[in-house]
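**Student:** Give me a 3D structure for the following:
(2 chains)
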Amino acid sequence: MTPQQIQNLIVSLFKEKESFKDIGLDEDYFDLGVSSLTIVGLQIQVEEQLGVNLSTRDLMLLSTINQWVQAYTAKCEELTSA
Amino acid sequence: MHAVIDVSIHAVFKQRVAQHAHAIALIDGERQFSYATLDRLADAQATRLRADGVGPGDIVALFMRRSAEMFVALLGILKAGAAFMPLDAGNPATRNRFCLDKARTRLIVTDRDCEELLSETRRAVRVDLDAPAPAEVAEPYAGNGEDTAYVMFTSGTTSEPKGVLVPHRAVTRLVLDTDYVRIEPSDAILQLSTPSFDASTFEIFGALLNGATLVLYTGEVLDPNLFKQHVERHRISVLWLTAALFHLFVDKYLEALRPLRVLLAGGDVLHPGAVRRVLDEIDGITLINGYGPTENTTFTCCHVMTRANAPHGDKVPIGRPIRGTEVLILDEQRRPTLPGEVGELYAAGRGVALGYLGSEGVEGAFFHDSALAAGRLYRTGDLVRCNADGLIEFLGRRDSQIKLRGYRISLEEIKARLMQMPAIKEAAVTCQELENGDQLLVAYVRADESDGLQSKTVRKYLAEHLPRYMIPDKISIQSEIPINQSGKIDRNKLFSNTHAFGGRV
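**Tutor:** The predicted structure is shown next:
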C-alpha cells in the first residue's frame, strides 16, 4: 500500500467511530475521549488490512491520526526494504 | 461430599506438588517452572519472609509486575502464614499508601523502586530466584481455611476504597470440586487479569490447585498480537476475559479465541449476540458467564453455555450459584421475593469474605441472620430476578456504582474527588454506552471561564488520587451544567449539550 492508501485506511477507520467523525488529522484524540480498548480495536482493524503489526504499547504513546499513518507507513517500508 | 473444606491454599498446592511434581506449573516468557521447583522456591521465600518477621495475621504487599518472582513471593507469603495484598502500579502513590496504612503492612515485596511507599515501619524486599536456599528451610505454616489469604481493595460508596479480607476456604471453594468448570492437569490458563483484580484468583489458583499450567501474559498493556501469540504458543485452553474485552475480541478478533476449550467472561453485562456468535462459530467451546463481587470471592453465580443452550432472549443470565455458595433474592424488608420478581441478591456460603479491613465484626454489608442462612451473608447491592427457566438475571445496581471494564467503580467517589479541586464549582460523572459495546466514562465539570481550567489539569489531579480505571476517558469543562427542577443535574440535557458541542472540550 502507498502512504496515501495507508492514510485513507486509517482515516476511514477512525471516522467510523461516532466520537471521531469530525476529527482532524493532527487533532489529539485523547481530547475527544478515547478508551484504551478503542485503540486496540482500531489497531486490530488497521492491521487486518495492512498485514503488519505494531506493538500496542507503542501505539498508546501516539495521539493523532497522522502519527498512526507515519508509524504504519514506516513499518510497511521497513518490511519491504528488508 | 466435599473433600476440601478447611485446609489452606498452600496445603492443597502441596498435594498437587506431590501428584504432579514434574508437570509445568508456571510459564513466564522463556522460563518454565515445574510444580516441584515452584514449591521449592516458595518454601525458600517463605523461610526468608519469616526471618524478616512475617507471620500469621500479617498482610504483606505485593508490588510487582506479573512474573515468576511475583508468584514465588505470593506462595511464600501464604506458606509463611500471612496474607498477600497486590498493589497496582497504575494506582497513584497516595492510594497505594492508603491501602498499606489501612492494612498496617510492614513489608512490601517488590521489583521496582517504591521509596514513596516506605516509612519508618515499612520496608521493601526483593525476590532473587538465584539466591542460595536458606541453610534450613522452615516447615510451612499449616494454617486453615479461615485464615486470610489475600486482601483486595474495591471501590466504596464513600470516597475511600475498602479492603476485602478473603479467606483460604473461599478460594478453594472457587476452584476445587466445582460444578461450573472442570480444570484438568492438561489445561493451560492465561494469567491476563491485573493481580489486584479478583478475576486473577480464578486464573492463578484455578491452575495451581488443579495441577494445570499458569501462563503469565508478558505484556504491560493488552496487545492483541501478543495475546494471540500466548494463546497459540502455550495452547491456552481456559481463559477469563472481562466483558469489554470479550466484546472487542468477538467483534474484531474472534480467531484469537478459537483454540480455547473454556472461555469465561463477565464482570459486566454480556451481549447475547456476542455470546451466540462465539457458540455458533467456535466448535465445541464452553462459554461461561461469570458473575460476582470481590466480597464473595470472584464468582457467585455462573451460567454455563454450549451451542445446545445458547441464550435465546435479550439477556444472558448469570445462571445459578456455584457449588459452595447459596444465594437469596430478597426485597427491601429482607423477605424472599416470588419467582420472577426483582430483588436484591444476597450471598452465603464458603465464598463470603471475612469482612472489610478495619471494620471486622461491624454489621453492614456483611451480617448474620439465622432466619436466612446458617453462616454470614453478604448483601451485593445488585438487583436480579429469577427467569422462567430458573436462571438468575442481573438487572443493575441499587446505588450509583457501576461496572466499567470489569471494575466496580463508584461515580460518587470520582465526583467527590473532582469537587476537591478549588476551581471546580460543580461536577457530574456519567458512564456512556458506546456503539461498540464499550463504555466511556465522562466527567462534566463547571468552572468559571476566567479560571481557564483545562481538562489535562483535571486529569492530572485525578491521576494523583484515583486508580487509572477511575480516570474519566473524557473531561468536559463547561461554564454551566444544566440543573433540573429538583435541583439535580439534568443528565438528559447534559447529553444533548455534549452532542451539540461535537464532543470538543
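**Student:** how close does the closest residue to B:Ile59 other than its chain neighbours sit to chain A?
**Tutor:** In this structure, B:Ile59 finds its nearest non-sequential neighbour in B:Ala103, 4.2 Å apart by CB to CB, 6 or more residues apart in numbering or on different chains. Where C-beta positions appear, they are placed from N, C-alpha and C, glycine not excepted. Distance of B:Ala103 to chain A, computed by CB to the nearest CB, to the nearest Å: 29 Å.
**Student:** Could you report the neighbour count for B:Ala103?
**Tutor:** B:Ala103 has 20 neighbours, counted by other CB atoms under 10 Å in any protein chain shown.
**Student:** List the residues that contact it.
**Tutor:** Listed by CB atoms under 8 Å, 6 or more residues apart in numbering or on different chains, the contact partners of B:Ala103 are B:Ile59, B:Ala61, B:Met85, B:Val151, B:Gly163, B:Leu357.
**Student:** for B:Gln454, same thing?
**Tutor:** B:Ile477.
**Student:** try B:Arg65
**Tutor:** B:Ala89, B:Asp111, B:Arg112, B:Glu220.
**Student:** got those as CSV, with distance to chain A and pLDDT columns?
**Tutor:** Converted to CSV, those look like this (distance: CB to the nearest CB, whole Å; pLDDT from 0 to 100):
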residue, distance to chain A, pLDDT
B:Ala89, 15, 89
B:Asp111, 18, 97
B:Arg112, 17, 95
B:Glu220, 6, 89
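**Student:** Now list the buried members of these.
**Tutor:** Neighbour counting with 16 or more other CB atoms under 10 Å in any protein chain shown marks B:Ala89, B:Asp111 as buried within the contacts of B:Arg65.
**Student:** for the contacts of B:Arg65, which one is nearest B:Glu464?
**Tutor:** Distance ranking of these against B:Glu464, using CB to CB, places B:Ala89 first at 14.7 Å.
**Student:** I'd say that closest one and B:Ala61 touch.
**Tutor:** No: at 11.7 Å, B:Ala89 does not count as touching B:Ala61 under the criterion of CB atoms under 8 Å.
**Student:** Spatially nearest residue to the residue of chain A found nearest chain B, not counting backbone neighbours?
**Tutor:** Nearest residue of chain A to chain B: A:Gly33, at 2.8 Å (CB to the nearest CB). Among residues not flanking A:Gly33 along the chain, B:Lys474 sits closest, at 2.8 Å (CB to CB, 6+ apart).
**Student:** mind pulling up the phi and psi values for the one you found?
**Tutor:** Taking degrees, to the nearest 10, you get phi -140, psi 140 for the backbone angles of B:Lys474.
**Student:** Tell me the confidence at it?
**Tutor:** On pLDDT, B:Lys474 comes in at 88.
**Student:** any idea how far it is from B:Ser155?
**Tutor:** Taking CB to CB, to the nearest Å as the measure, B:Lys474 falls 20 Å from B:Ser155.
**Student:** now swap in B:Ala93 and tell me
**Tutor:** Remark: distance between B:Ala93 and B:Ser155 (CB to CB) = 18 Å.
**Student:** Tell me the one of the contacts of B:Arg65 nearest B:Phe13?
**Tutor:** Nearest member of the contacts of B:Arg65 to B:Phe13, counting by CB to CB, is B:Asp111, at 22.4 Å.
**Student:** Could I have the CA atoms of stretch B:320-338 written out in CSV?
**Tutor:** Presented in CSV, the C-alpha positions along stretch B:320-338 are these (Å, rounded to 0.1, in the frame of the first residue of the first chain):
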residue,chain,number,x,y,z
ARG,B,320,-27.1,-20.3,39.3
PRO,B,321,-24.9,-20.1,42.4
ILE,B,322,-21.8,-22.1,42.1
ARG,B,323,-21.2,-25.1,44.5
GLY,B,324,-20.4,-23.8,48.0
THR,B,325,-22.4,-20.7,47.5
GLU,B,326,-26.1,-20.1,48.3
VAL,B,327,-28.0,-17.0,47.1
LEU,B,328,-31.2,-15.3,48.2
ILE,B,329,-33.2,-12.8,46.3
LEU,B,330,-34.8,-10.5,48.9
ASP,B,331,-37.0,-7.4,48.9
GLU,B,332,-36.2,-4.3,50.9
GLN,B,333,-37.5,-5.8,54.1
ARG,B,334,-35.3,-8.8,53.5
ARG,B,335,-38.2,-11.0,52.7
PRO,B,336,-37.9,-13.6,49.9
THR,B,337,-39.3,-12.5,46.6
LEU,B,338,-41.5,-14.6,44.4
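**Student:** Flag every buried residue along it.
**Tutor:** B:320-330, B:334, B:337.
**Student:** Verify the stated contact: A:Val34 with B:Asp473.
**Tutor:** Yes: contact criterion CB under 8 Å: A:Val34 and B:Asp473 qualify, at 6.4 Å.
**Student:** what residue lies at the spatial centre of chain A?
**Tutor:** A:Trp68 (3.9 Å; CA atoms, centre = their mean).
**Student:** In which helix or strand does it reside?
**Tutor:** helix A:65-81 (DSSP states H and E).
**Student:** How about the residues of chain A by chain B?
**Tutor:** A:17-19, A:22, A:31-38, A:40-41, A:43-45, A:47-48, A:53, A:55-57, A:60 (CB under 8 Å from any CB of the partner chain).
**Student:** Who's the closest spatial neighbour of residue 14, skipping the chain neighbours?
**Tutor:** The chain I'm using is chain A. Nearest one to A:Phe14, counting by CB to CB, 6+ apart, is A:Phe20 at 4.7 Å.
**Student:** Correction: the question concerned chain B.
**Tutor:** B:Asp39 (7.0 Å).
**Student:** Which strand or helix spans that neighbour?
**Tutor:** Counting by DSSP H and E, B:Asp39 is part of helix B:35-51.
**Student:** now the following helix or strand past that helix and helix B:35-51, what's the angle there?
**Tutor:** Downstream of helix B:35-51, the first helix or strand assigned by DSSP H and E is strand B:59-63. Interaxial angle of strand B:59-63 relative to helix B:35-51 (axes from the mean of the first three to the mean of the last three CA atoms, to 10 degrees): 120 degrees.
**Student:** for strand B:59-63, which positions count as buried?
**Tutor:** Quick answer for strand B:59-63 (16+ other CB under 10 Å): B:Ile59, B:Val60, B:Ala61, B:Leu62, B:Phe63.
**Student:** just stretch B:105-119 next, same as before
**Tutor:** In terms of neighbour count (16+ other CB under 10 Å), stretch B:105-119 has its buried residues at B:Thr105, B:Arg106, B:Leu107, B:Ile108, B:Val109, B:Thr110, B:Asp111, B:Cys114, B:Leu117.
**Student:** residues contacting the closest residue to chain A within the stretch 101-250 of chain B?
**Tutor:** Using CB to the nearest CB, the single residue of the stretch 101-250 of chain B nearest to chain A is B:Asp223, 3.8 Å away. Residues near B:Asp223 by CB under 8 Å, 6+ apart: A:Val40, A:Ser55, A:Thr56, A:Arg57.
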